[in-house]
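Got a predicted structure here, sequence first:
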Amino acid sequence: MDVKIGLEIHCQLTNLRTKLFCNCSSDYRGDEPNTHICPICMGLPGTLPLLNEKALEDGVAVALALNSEIQPKMTFYRKNYFYPDMPKNFQISQFDGGDGVPIAKGGFVDLDVGRRIKIRRIQIEEDPAKLVYSGTIDTAEEVLIDYNRAGIALVEIVTEPDIRTPREARLFLQKLRDILEFLGVSDGSLEGSMRCDANISLGGGTRVEIKNISSFKEVERALRFEITRQKRLSAEGLTVQRETRHWDESRRITVSLRVKETEEDYRYFPEPDIMPVVVSEQYVDAVRGALPELPHRKKDRYVEDLNVPVQNAAILSRNLRLSQLFERCVGLGADPVEASNWIVGDLLSYLRELDLSLEDPKVRAEHLVEMLRLIEDGLISGKIAKEVLLESLKTGKSPKRIVEERGLMKIGDEELLERLVEEVFRENRRAVLDARLNEEAVNYLIGQVMKKTAGKADPVLTSKLVRLKLSQIEVG
Ligand SMILES: [Zn+2]
């Protein structure tokens, strides 16, 4: 069945020091409830909101990065509703319709799987308060309200209903988070900094909205659940109701919150206290000029300036933290190609294996560079290096220390290796005979020497000694 998913993502602009319309600190996490509030963000009579200019700059930067068209004159609206999460009974937001103009319209995000997801609009608005339910949302008898979050600057990104699967929704959100991280406007690792509502309809049927999903994993789960629920309803001949549902993470089900308000129910009025904001071309050009290096530019630079293989460059430039790790290695003097191979290859697969994130303090550029230097100086083989890297990620110990503690230095002692080669030749007469005609047998002999030294023999020297010995046999 044809599935259509649209997403509405709210991202806190976590790089701002104050809220969207007042000077309350936006660094509220972990603080006592209702300690970051003032008459403006509480909407007390007689107060005037004052637009945080940095929020406008962030909004324009986000719009540019998402290929969205910035509107020359944007307006603020009051979204009226009776709900305790805004003490003034309205949220200052933007509105696309009537006289309302959001900061940007249109745009797109290209997913790495080759799909383009279209953006409908981008707007700036204030975050409502945080509601804390005692128990679950549908049964709680009381609700606590923390207004510290009320008034925090958000950028809201609304997609067209272009997404076809729950998996695609997750990929889109990951990509969006990566872009925002590159821009430096929003730190997706902060709790609740990125929240998502999803609209979903099946086979052109009724649209159901799922509210306030907190993580990408949960978005995928919630959508999966909702598809199954709606399919089951249709199979039983029941109609899907147009409603707003809540995703209950602990029970992993969606529950009905209310029959959906239409936009008219919200009652939008132009905000009389904030003048329309003119966004001039010069302003947009200035923001564009100050944009940090975005993934596609990074990728080109890695390939052109650092000779990194294209595939590695594509992976390294996709994620801010990964690109920072790589750039730090290069800054510390690592060979870019070698560093890129190790990061994209073994490092990423070990991180998956150990379930470690790139932010983990055990993942250190210094350690990677030290390991690369040990290989370069001929002190450990590539094979040993893999072991060393894995252990370094597990324990946080430096590669040098691991090599010393476990006696992993490469064996470059020629006499010792000669003796081992002779031993191997005695034990593998068949292979020695084959080796005159067959390169694979030569490799087998080399491999046997490596095995005797648990991979510590210098591979170049070993190969040389094995071939020398073979040539002597042929002569003799
Ligand atoms: Zn305030």
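Noted; the coordinates are in hand. No experiment lies behind these values; they were computed from the predicted model shown.

pLDDT weak spots in the stretch 101-250 of the chain?
Low-confidence segments of the stretch 101-250 of the chain (pLDDT under 70): none present.

What's the local residue count around Asp31?
12 (other C-beta atoms under 10 Å). Bear in mind the C-beta positions are built from the backbone N, C-alpha and C, glycine included.

Of all the residues in the stretch 301-450 of the chain, which one is nearest the ion?
Leu320 (30.5 Å; C-beta to the ion).

What of the stretch 101-250 of the chain?
Gly151 (5.4 Å).

thinking again about what came up before, test my guess that the residue of the stretch 301-450 of the chain closest to the ion contacts Glu181.
Yes - Leu320 lies in contact with Glu181 (C-beta atoms under 8 Å); the separation is 4.3 Å.

out of those two, which sits in the busier spot?
Higher neighbour count among Leu320 and Glu181: Leu320, with 21 against 17, using other C-beta under 10 Å.

Now do the contacts for that one.
Shown in contact with Leu320 (C-beta atoms under 8 Å, 6 or more residues apart in numbering): Asp178, Glu181, Phe182.

can you pull the buried residues of the top helix by length along the chain?
Secondary structure of the chain per DSSP state H: the longest helix is helix 216-235. For helix 216-235, the neighbour count (16 or more other C-beta atoms under 10 Å) marks Phe216, Glu218, Val219, Glu220, Arg221, Ala222, Leu223, Phe225, Glu226, Ile227, Gln230, Leu233 as buried.

cool, and stretch 410-430?
For stretch 410-430, using 16+ other C-beta under 10 Å, the buried residues are Lys410, Ile411, Leu417, Leu420, Val421, Val424, Phe425, Asn428.

Can you show me the CA trace of it as CSV?
Provided in CSV are the C-alpha atoms of stretch 410-430 (Å, rounded to 0.1, in the frame of the first residue of the first chain):
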residue,chain,number,x,y,z
LYS,A,410,57.6,-6.6,15.1
ILE,A,411,60.4,-9.2,14.8
GLY,A,412,63.1,-7.8,12.6
ASP,A,413,65.9,-10.0,13.9
GLU,A,414,67.2,-11.5,10.6
GLU,A,415,68.9,-14.5,12.3
LEU,A,416,65.8,-15.5,14.2
LEU,A,417,63.7,-15.2,11.1
GLU,A,418,66.1,-17.3,9.0
ARG,A,419,65.9,-20.0,11.6
LEU,A,420,62.1,-19.9,11.4
VAL,A,421,62.2,-20.0,7.6
GLU,A,422,64.3,-23.1,7.7
GLU,A,423,61.9,-24.7,10.2
VAL,A,424,59.0,-23.9,8.0
PHE,A,425,60.7,-25.3,4.9
ARG,A,426,61.4,-28.5,6.7
GLU,A,427,57.8,-28.9,7.9
ASN,A,428,56.3,-28.0,4.5
ARG,A,429,58.3,-29.9,1.9
ARG,A,430,55.3,-30.2,-0.4
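
and Glu8, that one's in a strand?
Yes - assessed with DSSP: H, G, I helix; E, B strand; the rest coil, Glu8 lies in a strand.

For the nearest residue to it once chain neighbours are set aside, the count of nearby residues, please.
Among residues not flanking Glu8 along the chain, Asp197 sits closest, at 4.4 Å (C-beta to C-beta, 6 or more residues apart in numbering). Neighbour count for Asp197, taken as other C-beta under 10 Å: 19.

separation between Leu13 and Met194?
As for Leu13, its distance to Met194 is 11 Å (criterion: C-beta to C-beta, to the nearest Å).

and the protein, which of its residues are near the ion?
Contact residues (C-beta under 5 Å from the ion) of the chain with the ion: Cys22, Cys24, Cys38, Ile40, Cys41.

before we move on, what SS does the last one have?
In this case it means Cys41. coil.

Not counting sequence-adjacent ones, nearest residue to Ala63?
Ala104 (3.6 Å).

Now the phi/psi pair for that neighbour, please.
phi -150, psi 150 (degrees, to the nearest 10).

Now do the contacts for it.
Per C-beta under 8 Å, 6+ apart, neighbours of Ala104: Gly59, Val60, Ala63, Leu66, Ser68, Glu69, Ile70, Gln71, Arg121, Ile122.

Around Ala454, how many other residues sit close by?
Residues near Ala454, counting by other C-beta under 10 Å: 13.

quick one: it and Leu190, what's the gap?
For Ala454, the distance to Leu190 - C-beta to C-beta - is 46 Å.

what's the answer for Ser215, then?
For Ser215 relative to Leu190 (C-beta to C-beta), the value is 12 Å.

The two - which one has more neighbours?
Comparing Ser215 with Leu190 by other C-beta under 10 Å, the one with more neighbours is Ser215, at 17 against 11.

what's near enough to touch the nearest residue to Gln71 once chain neighbours are set aside?
Leaving aside its sequence neighbours, Gln71 sits nearest to Val101 (C-beta to C-beta, 6+ apart; 4.9 Å). Going by C-beta under 8 Å, 6+ apart, Val101 touches Gln71, Lys73, Met74, Thr75, Gln94, Pro276.

ok, the first one - how many residues close by?
What it means is Gln71. Neighbours of Gln71 (other C-beta under 10 Å): 19.

Report the contact partners of it.
Per C-beta under 8 Å, 6+ apart, neighbours of Gln71: Val101, Pro102, Ile103, Ala104, Lys105, Val279.
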